[in-house]
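S.K.: Predicted model and sequence follow; I will ask about them next.
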Amino acid sequence: MQSASGEWFDEAYYQRFYFDKKTSVIDPEHARRLGTFVCSYLAYLRVPVHRVLDVGCGIGLWRDAVQQHFPGASYQGVEFSRYLCERYGWAQGSVVDWQPADGQPFDLVICQGVLPYLNPADLKKALANLGRLTRGGLYIEAVAREDYERDIIDEELTDPRLYRHRAELYRRGLQPFCKELGGGVWLSRQAELPLFELECLGG
């Protein structure tokens with residue numbers, strides 16, 4: 001089984017899943033609330049955020065939240081879609097192996113709605129890559145097989161080409177690099193920040 005092809009993410013894809021209000025999977029208000037939650041939680045934990053990486057940044061909905069909550073922080077958008085890179089000027093690359101030119105990790109890494117497009121082998125590589133790219137906070141959003149089994153996915157709006165990986169596969173891939181805090185937020189094991197026992201899932 002192959003991971004998603006770059007040809008999938010053309011203008012028609014973004015018209016359906018982002019620009020058409022009837023079929024869009026996310027809207028600016030949802031992005032604002034989510035950005036407020038993630039950025040405020042990291043600020044509460046006193047994670048210093050100066051460099052932000054958004055892998056699979058799409059149309060850049062996270063950029064405003066980053067600028068609002070972390071003024072002066074740099075924002076690096078990376079996209080697999082050639083169409084979006086040409087339209088918005090993002091760096092083109094894959095979550096599987098993209099690395100910054102300076103080789104330095106980021107204080108906040110965002111990866112929303114990308115990982116279910118990868119087959120199991122590429123997903124394992126991508127999770128390890130995200131772990132290496134993160135020295136502070138990491139936000140991951142990915143639908144899991146359990147979400148389908150619990151019937152909380154609107155399959156009319158969800159891309160049918162997504163892999164239905166178990167949640168444990170995501171957790172197992174990230175745990176060597178990060179601690180899970182809940183809400184999709186993870187903290188790098190490199191971050192020397194004191195956490196209470198109940199702030200980490202599983203202790």
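M.R.: Received, thanks. Everything quoted here is computed from the prediction, not taken from an experiment.
S.K.: got the phi/psi numbers for Phe17?
M.R.: Phe17 has phi and psi values of phi -90, psi -10 when expressed as degrees, to the nearest 10.
S.K.: ok, now how distant is it from Leu157?
M.R.: To Leu157, Phe17 is 8 Å away according to Cβ to Cβ, to the nearest Å. Placement of C-beta: from N, CA and C, glycine included.
S.K.: For the two, work out which one has more neighbours and name it.
M.R.: More crowded of Phe17 and Leu157, by other Cβ atoms under 10 Å: Phe17, with 18 against 12.
S.K.: Need the pLDDT of the closest residue to the more buried one other than its chain neighbours.
M.R.: With Cβ to Cβ, 6 or more residues apart in numbering as the criterion, Phe17 has its nearest non-adjacent residue at 5.1 Å, and that residue is Val25. At Val25, the pLDDT value in this model is 73.
S.K.: Who are the contact partners of Val25?
M.R.: Val25 makes contacts with Phe17, Tyr18, Gly113, Leu157, Thr158, as judged by Cβ atoms under 8 Å, 6 or more residues apart in numbering.
S.K.: Report whether the expected contact of Trp62 with Ala31 is present.
M.R.: Yes. Using Cβ atoms under 8 Å, Trp62 is in contact with Ala31, at 6.7 Å.
S.K.: who's more crowded, those two?
M.R.: Per other Cβ under 10 Å, whichever of Trp62 and Ala31 has more neighbours is Trp62, with 23 against 19.
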